[in-house]
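> using only what follows, build the 3D model:
(2 chains)
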2 protein chains.
Amino acid sequence: MEQINNIQVVPCTSSNYLKAFTVHYSQNGTKKSWDFMQTHDSVSVLIFNTTSHCFILVKQFRPAVYMCEWERMKPAHADPEGEQGGEGCATAAPEEEQEGSEEASRPHQPPASAGVTYELCAGIVDKPHLSLEEIACQEVLEECGYEIPVSKLRRITSYRSGVGVTGAKQTMFYAEVSDENRVGEGGGQPQEGELIEVVKVPLHEAMTFAYDESIPKTMGVIFSFMWFHSNMAPKYKISTNV
Amino acid sequence: MEQINNIQVVPCTSSNYLKAFTVHYSQNGTKKSWDFMQTHDSVSVLIFNTTSHCFILVKQFRPAVYMCEWERMKPAHADPEGEQGGEGCATAAPEEEQEGSEEASRPHQPPASAGVTYELCAGIVDKPHLSLEEIACQEVLEECGYEIPVSKLRRITSYRSGVGVTGAKQTMFYAEVSDENRVGEGGGQPQEGELIEVVKVPLHEAMTFAYDESIPKTMGVIFSFMWFHSNMAPKYKISTNV
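Numbering: from 1, shown residues only, chains lettered A, B, ... in the order given. The predicted model follows:
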């Protein structure tokens, strides 16, 4: 399991990753302003291994999720002036986290597992000369170790994510792979800081997994498993009443 | 339709809404840093009107989505030094948008409809003394005009959103309402800048709507429509093969 320690949180005044802008505009004659973040579109891939009848997911430590859980674990009475309670991620600046590593041992620090999420193989669209399909296939190879041609991808659909803040477009694909397509271990690109574990979820356990709220996951996992059950059911002879 | 003009974009140096932090930590002995945004958890509600057999959605202009589309419409050759192409939302600062209203008439400004998305009724969890269910019911009333008790809510599931940046927890509910529960027009709280249109999607058109990629929507809409078809199919005698 992951070991997470020496946690320090500081305000982020300049970032190569989070680019915030304010747009001023008139909507039906009323002047408005909105703060938003520019981000990349993304692709994700539901991978089904037809040899083992397993879905292939990725699992990784997500600092943003972990920090959200850290805030949640703070006792409500610890901050008598705070506006946030147990259910929300506090938006107040967590200045008290700036004191260094001794903070990491506070009783309310969650275990590293609180920040580990199960996700579809995915990546951002940041290579203008590649198609969405080509980028998706690169991610399948880099993250999960399967080499497949773009012709193996089936487009499921696209949608908007984070409509309040980013509004980027996400496109989801489905890919069937077999053990013969496995050419590497996957795991992402360590030089880019990726530390990804490839996990298999057996088909017959998939819907139980999807609706187990004790397993942190993205909606993409839940949706795509349900899509599979609705659309691939005849092929794989599974019940659709999930 | 919405009229959007006088668009100006400026870098956002300080925001009451976007709170960026950097977390420094050690993962298995390796020092890492990650920029993230603190945000609130949220709730969403799939509303089904049993009188008219329609889903009740909300539709609103989302500046973040609009700006994303604006970037996408820029010709790739317009910024010879840009790293971004047609598929991605550019992360380069859009300084050229700062010139004022005359910019709004540029040929590549998308129509206002490009920023309008269909979404589930939803809200952030920012009231520590209310349960998730109570907040969900408030949103159903404020945004859609239906008054229902918390006992009418069925929890569908929860999941993580924006795991790279925010990691907040979203909880989705299902609520059946009837015309008798309609006590107002909905539309959100104009004093908070909300300008929400309540829309009905007939049950028999729902899956076509869900997979029509020309209609901008969140994954919550697609997922919850599919969940309904899988879970409510026996009750409403609809095909599950969607």
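
> the host helix or strand of A:Ser44 pairs with which strands, and in what direction?
Assigned by DSSP states H and E, A:Ser44 falls within strand A:42-49. Strand A:42-49 has the following sheet partners, assigned by DSSP bridges: strand A:54-61 (antiparallel), strand A:121-124 (antiparallel), strand A:169-177 (parallel).

> columns mean neighbour count and mean pLDDT on top of the ones you listed, output as CSV?
The C-beta positions use only the backbone N, C-alpha and C, and glycine is treated the same way. Below are those laid out as CSV (neighbours: other CB atoms under 10 Å in any protein chain shown; pLDDT from 0 to 100):
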stretch, mean neighbour count, mean pLDDT
strand A:54-61, 22, 96
strand A:121-124, 21, 95
strand A:169-177, 22, 97
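
> quick one: closest of the ones you listed to A:Cys137.
Set against A:Cys137 and scored by CB to CB, those come closest in strand A:169-177, at 8.2 Å.

> give the next helix or strand downstream of the closest one.
Sequence-wise, the next helix or strand downstream of strand A:169-177 (DSSP H and E) is strand A:197-202.

> so A:Ser44 bridges to which residues?
Going by DSSP bridges, A:Ser44 forms beta bridges with A:Ala122, A:Met172.

> and the longest helix belonging to chain A with strand A:42-49, angle?
Longest helix in chain A, counting residues (DSSP state H): helix A:219-231. Counting by axes from the mean of the first three to the mean of the last three CA atoms, to 10 degrees, helix A:219-231 points 50 degrees away from the direction of strand A:42-49.

> what pLDDT, on average, does helix A:219-231 get?
On average, the pLDDT along helix A:219-231 is 96.

> now for it, which elements pack on it?
Helix A:219-231 sits against strand A:42-49, strand A:54-61, strand A:116-119, strand A:169-177, helix A:206-211, strand B:153-160, helix B:219-231, with contacts defined as 3 or more CB pairs under 8 Å, 6 or more residues apart in numbering or on different chains; DSSP states H and E.

> make a markdown table out of these and add distance to B:Glu2.
Shown next, in a markdown table, are the helices and strands packed on helix A:219-231 (distance: least, CB to CB, whole Å):
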| stretch | distance to B:Glu2 |
| --- | --- |
| strand A:42-49 | 27 |
| strand A:54-61 | 39 |
| strand A:116-119 | 34 |
| strand A:169-177 | 20 |
| helix A:206-211 | 36 |
| strand B:153-160 | 30 |
| helix B:219-231 | 19 |
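
> tell me which of those approaches B:Tyr66 most closely.
With CB to CB as the criterion, B:Tyr66 lies closest to strand A:169-177 of those, at 12.5 Å.

> show residues contacting that closest one.
A:41-50, A:56, A:120, A:132-133, A:136, A:140, A:146, A:148, A:152-161, A:220, A:223-224, A:227-228, B:68, B:89, B:219 (CB atoms under 8 Å, 6 or more residues apart in numbering or on different chains).

> change it to 7 Å
With contacts defined as CB atoms under 7 Å, 6 or more residues apart in numbering or on different chains, strand A:169-177 is touched by A:41-50, A:132, A:136, A:140, A:146, A:148, A:152-161, A:220, A:224.

> filter these to the buried ones?
Buried members of those, counted by 16 or more other CB atoms under 10 Å in any protein chain shown: A:41-49, A:132, A:136, A:140, A:146, A:148, A:152-153, A:156-161, A:220, A:224.
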